[in-house]
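J.: Okay, structure incoming, though there's no sequence with it:
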């Protein structure tokens, strides 16, 4: 039976083909999920900010929070070079008027060597921004300096303990600059909600392309093997 000579190659190639098709399908699913996320971000940025409630809001949701900044407990988060200037993000607790958990607000970028004053509003303020969930630091993440209030991973609970806050929200708020705010004012707040990249179409094409190539190579191999069998 000439087909018996193809049994072992088929048993080897079939699982590989199924894996390639599964990976391509997974990337298509990720493509649709990411497209939906980007659409929600666009809608959130174009629409009004939602008042921050008791429930944990979705990632990148545009919300407004009210309270008083505790400037005495501000900290620095990360490191970022802008132009030739090294800086970090100014992290300030926002204390709720009702005594609820403090909200860690990323007010924007500030240079480490400051040549101009940093705005520190007093009294009750309303902050509009987008929700930032906490990080999960990896093994090779930079080590925080709690005593110096320098943090390289955004872990709200750990930062709250270091700042001696009795309670802190499990997420943060990245402040968005007002449309009429000066571009050179410190801190330099974000002006848009970040968009994650969406490369999944290319990944799906790659996996499906590899599956098609495997089918083509196997078909050519099988045809040649059957031709050799028929002539022997």
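T.: That came through, no problem. Since the structure is predicted, the reported quantities are computational estimates derived from the model, not experimental observations. Numbers count the residues shown, from 1 in each chain.

J.: which residues touch the least confident helix or strand in the chain by mean pLDDT?
T.: Least confident helix or strand of the chain, by mean pLDDT, DSSP states H and E, is strand 50-51 with a mean of 86. Outside of strand 50-51, the residues within contact range by Cβ atoms under 8 Å, 6 or more residues apart in numbering are 57, 61-64. C-betas here are computed from N, CA, C, even on glycine.

J.: is it possible to export those to CSV including distance to residue 130, pLDDT and secondary structure?
T.: Listed next are those as CSV, based on distance: Cβ to Cβ, whole Å; pLDDT from 0 to 100; DSSP: H, G, I helix; E, B strand; the rest coil:
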residue, distance to residue 130, pLDDT, secondary structure
57, 9, 84, coil
61, 7, 88, coil
62, 5, 91, strand
63, 7, 92, strand
64, 11, 93, strand
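
J.: ok, of the residues you listed, which come out buried?
T.: When the contacts of strand 50-51 are checked for burial by 16 or more other Cβ atoms under 10 Å, the buried set is 57, 61-63.

J.: Return the closest of these with respect to residue 12.
T.: Nearest to residue 12 among the buried ones among the contacts of strand 50-51, counting by Cβ to Cβ, is residue 61 at 48.5 Å.

J.: Tell me who's in contact with that closest one.
T.: Residues near residue 61 by Cβ under 8 Å, 6+ apart: 44, 50, 130-131.

J.: got the buried residues for the biggest helix by length in the chain?
T.: For the chain, the longest helix by residue count, based on DSSP state H, is helix 7-46. Buried residues in helix 7-46, counted by 16+ other Cβ under 10 Å: 13, 17, 20-21, 23-24, 27-28, 30-31, 34, 37, 41, 44.

J.: Equivalent analysis for stretch 208-227, please.
T.: By neighbour count on 16+ other Cβ under 10 Å, the buried set for stretch 208-227 is 208, 210-211, 214, 218, 222.

J.: could the contacts of strand 50-51 be laid out in a markdown table, adding distance to residue 122?
T.: Shown next, in a markdown table, are the contacts of strand 50-51 (distance: Cβ to Cβ, whole Å):
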| residue | distance to residue 122 |
| --- | --- |
| 57 | 27 |
| 61 | 27 |
| 62 | 25 |
| 63 | 22 |
| 64 | 19 |
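
J.: Domain ranges for the protein, per the record?
T.: 2-36+199-231, 61-175 (automatic domain parsing).

J.: Just give me the residue right at the centre of the chain.
T.: residue 196 (6.5 Å; Cα atoms, centre = their mean).

J.: How much space separates it from residue 25?
T.: Distance from residue 196 to residue 25, counting by Cβ to Cβ, to the nearest Å: 21 Å.

J.: ok, now residue 52?
T.: With Cβ to Cβ as the criterion, residue 52 and residue 25 are 38 Å apart.

J.: Across the sheet, point out what pairs with residue 89.
T.: residue 77, residue 109 (DSSP bridges).

J.: just the strands in this protein please.
T.: 50-51, 62-69, 75-82, 85-95, 102-111, 124-133, 150-151, 168-175 (DSSP state E).

J.: before we move on, the earlier item: neighbour-wise, which one of the contacts of residue 61 leads?
T.: In terms of neighbours by other Cβ atoms under 10 Å, those top out with residue 130 at 25 neighbours.

J.: count of neighbours near the closest residue to that one other than its chain neighbours?
T.: Spatial nearest neighbour of residue 130, excluding adjacent residues (Cβ to Cβ, 6 or more residues apart in numbering): residue 193 at 4.7 Å. By the measure other Cβ under 10 Å, the count of residues near residue 193 is 17.

J.: Same question for the one 10 residues further on.
T.: If you count neighbours by other Cβ under 10 Å, residue 203 ends up with 16.
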